[in-house]
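1. When you get a sec, could you give me coordinates for this:
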Amino acid sequence: MAKSTKAGKDAYPPSRTAGIERYQFKPGQSGNPGGRPRRKPISERYEYLAEVPLLEDVRLLLQLGPGSTYADAAAIQQFRAAIKGDTSAMREIRESIEGKATIRVADEDAPDEMRLHLTIPKVREIA
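-> Got it, this is the predicted structure:
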């Protein structure tokens, strides 16, 4: 006659269950709390290329010093565009340095401690 097995932990030989308890998740705990890592293939390539030294002919063309990188060239070009009057380049530089502009809404009749300041991100129009 075959031996009946018990349900639960005792159903397996001790060699298979030894040490399992220490790896078990507690109730309500996720086995992957951060989820699947998000990939940003284009951004990762931009980050890499930003630190690559410029080719010598490009560096000389842009009149940059030795050891200049693609990030240096991009920043210089952005400033040159801003100096020529490109307002989107000016905005990009300001937002990179100071952050996005905030819209302040205040009730002029309210006491100072009751004024409300809202920050609303600007939405770019799709043309």
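2. okay, and the helix or strand of the protein with the least pLDDT?
-> Within the chain, no helix or strand scores below helix 14-17, which has a mean of 61 by mean pLDDT, DSSP states H and E.
3. Give me the below-cutoff pLDDT ranges for the protein.
-> Where the chain drops to pLDDT under 70, the residues are 1-25, 105-127.
4. Tell me where it has helices.
-> Taking DSSP state H as the test, the helices found in the chain are 14-17, 41-50, 56-61, 70-83, 87-98.
5. To residue 30, which of those lies closest?
-> Smallest distance to residue 30 across those (C-beta to C-beta): 23.1 Å, for helix 14-17. Where you see a C-beta, it was placed from the backbone N, CA and C, and this is true even at glycine.
6. Apart from its neighbours in sequence, what residue is nearest residue 77?
-> What sits nearest to residue 77 in space, not counting adjacent residues and going by C-beta to C-beta, 6 or more residues apart in numbering, is residue 62, at 7.7 Å.
7. Could you tell me how many residues sit around that neighbour?
-> 14 (other C-beta atoms under 10 Å).
8. Check residue 83 too.
-> 10.
9. Same question for the one 10 residues further on.
-> Burial measure for residue 93: 15 neighbouring residues, criterion other C-beta under 10 Å.
10. Can you tell me how far it is from residue 70?
-> 17 Å (C-beta to C-beta, to the nearest Å).
11. And for residue 95?
-> 21 Å.
12. more neighbours, those two?
-> Just comparing residue 95 and residue 70: by other C-beta under 10 Å the higher neighbour count belongs to residue 70, 17 against 12.
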